[in-house]
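**Q** how would this look folded up:
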Amino acid sequence: MSVKKHIPNTITSLNLLCGVIGIWFVFSLENTRMAFLCMLAAVVFDFCDGLAARLLKAYSEIGKELDSLADVVSFGVLPSAMMSVTYGHVAGKQDFLAWIPLMIAVFSALRLARFNVDERQHESFIGLPTPSCALVCASMCCLIEGEGTVGPIVGSWWFIPLVSVILCYLLVSGIPMFSFKFGVGHKSDTVTKMKRTAFFSISAIVIIVVVLLSFPWPAIILGVLLAYILENALSAVFKI
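**A** The predicted structure is shown next:
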């Protein structure tokens, strides 16, 4: 049995392990920063397992299912746990509203299940990808926890539950969202290329602003992903 056949699944398993460790940091230590770093590592492994499968031609049905299971943990359960714990810190208590962010895990699982059976999502996405949703949650939690003091809106009891509901909707919405799939077998039309160019331009502006204003580095990830969501939402509204 060829060893290379197991390399992609091993990388996927590391994605899953990072998610589990991140959840441990959240519930055992309430350490959102370390949980965020675990999520970033999971994102890297999530990218590398597909890359390894393509390079080694080591595709398998088990690998496909394992990838979705790992993503549910790393990009579904972990961010929902971070949002729930952060809500408790902001509100100063844990009540039933802390359960609302946990729905992100459920809707992430629905999003992944739909992606696996939807033949329209080979070159682009329909609905917000789970890693993007997870990184929005994690970067926002780190900014709220790291700053110590938050503005009146972010510090309100309704902010995190409301953001959670919006993200749940975006995960299963019918909004088309362009992907960043490149390489052999991936073709992009002119409109998609223009959208990508606009996104990279906006991202560069976000990075410059964050650096000049000396904001914490998670603000870069949050700003870039919000730009991605807003650009795709506006494109859907104006049918671009």
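**Q** CA only for contacts and neighbour counts going forward, please
**A** Will do.
**Q** Strands along the protein, start to end?
**A** 124-126, 176-178 (DSSP state E).
**Q** Buried deepest among those strands, which one?
**A** Stretch with highest mean neighbour count among the strands of the chain: strand 176-178 (a mean of 20; mean count of other C-alpha atoms under 10 Å).
**Q** Can you list the strands that that strand pairs with?
**A** Strand 176-178 pairs in its sheet with strand 124-126 (antiparallel), by DSSP bridges.
**Q** May I see the strands of the chain organised as CSV, with distance to Glu61 and mean pLDDT added?
**A** As requested, the strands of the chain are arranged in CSV below (distance: least, C-alpha to C-alpha, whole Å; pLDDT from 0 to 100):
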stretch, distance to Glu61, mean pLDDT
strand 124-126, 21, 85
strand 176-178, 25, 89
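**Q** I'd like the distance between the residue nearest to Ala113 when sequence neighbours are not counted and Lys4.
**A** Of all residues not flanking Ala113 in the chain, Ser68 sits nearest, at 7.8 Å (C-alpha to C-alpha, 6 or more residues apart in numbering). For Ser68, the distance to Lys4 equals 21 Å [C-alpha to C-alpha, to the nearest Å].
**Q** So which of those two has more stuff around it?
**A** More crowded of Ser68 and Lys4, by other C-alpha atoms under 10 Å: Ser68, with 19 against 14.
**Q** quick one: the more buried one from Val90, how far?
**A** Ser68 is 32 Å from Val90, by C-alpha to C-alpha.
**Q** what do you get for Ala58?
**A** 46 Å.
**Q** Between those two, which is the more surrounded one?
**A** Neighbours of Ala58 and Val90, each counted by other C-alpha under 10 Å, are more numerous for Val90; the result is 20 against 17.
**Q** So that one sits against Trp157, correct?
**A** Yes. Assessed by C-alpha atoms under 8 Å, Val90 is found in contact with Trp157 at 7.1 Å.
**Q** Show the low-confidence segments of this protein, by residue range.
**A** Along the chain, segments meeting pLDDT under 70 span 1, 121-123, 147-153, 155, 181-189.
**Q** Next, the residues that contact the lengthiest helix in it from outside, please.
**A** Longest helix in the chain by number of residues (criterion: DSSP state H): helix 32-56. Applying C-alpha atoms under 8 Å, 6 or more residues apart in numbering, the contact partners of helix 32-56 are 4-5, 7-9, 11-12, 14-16, 18-19, 21-23, 25-26, 58-59, 67, 71, 74-75, 78, 82, 131, 135, 138-139, 141-142, 145.
**Q** Then stretch 223-237?
**A** 128, 132, 135-136, 175-178, 195, 199, 202-203, 206.
**Q** Dump it to CSV, keeping only the CA atoms.
**A** Taking Å, rounded to 0.1, in the frame of the first residue of the first chain, the C-alpha atoms of stretch 223-237 are listed here in CSV:
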residue,chain,number,x,y,z
GLY,A,223,-11.4,43.7,7.7
VAL,A,224,-10.4,41.6,4.6
LEU,A,225,-13.2,39.1,5.2
LEU,A,226,-15.8,41.7,5.8
ALA,A,227,-14.8,43.3,2.5
TYR,A,228,-15.1,39.8,0.8
ILE,A,229,-18.6,39.4,2.3
LEU,A,230,-19.7,42.9,1.4
GLU,A,231,-18.4,42.8,-2.2
ASN,A,232,-20.2,39.5,-2.9
ALA,A,233,-23.4,40.7,-1.2
LEU,A,234,-23.4,43.9,-3.3
SER,A,235,-22.7,41.9,-6.5
ALA,A,236,-25.7,39.7,-5.7
VAL,A,237,-28.0,42.7,-5.0
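**Q** Okay then, goodbye and thanks.
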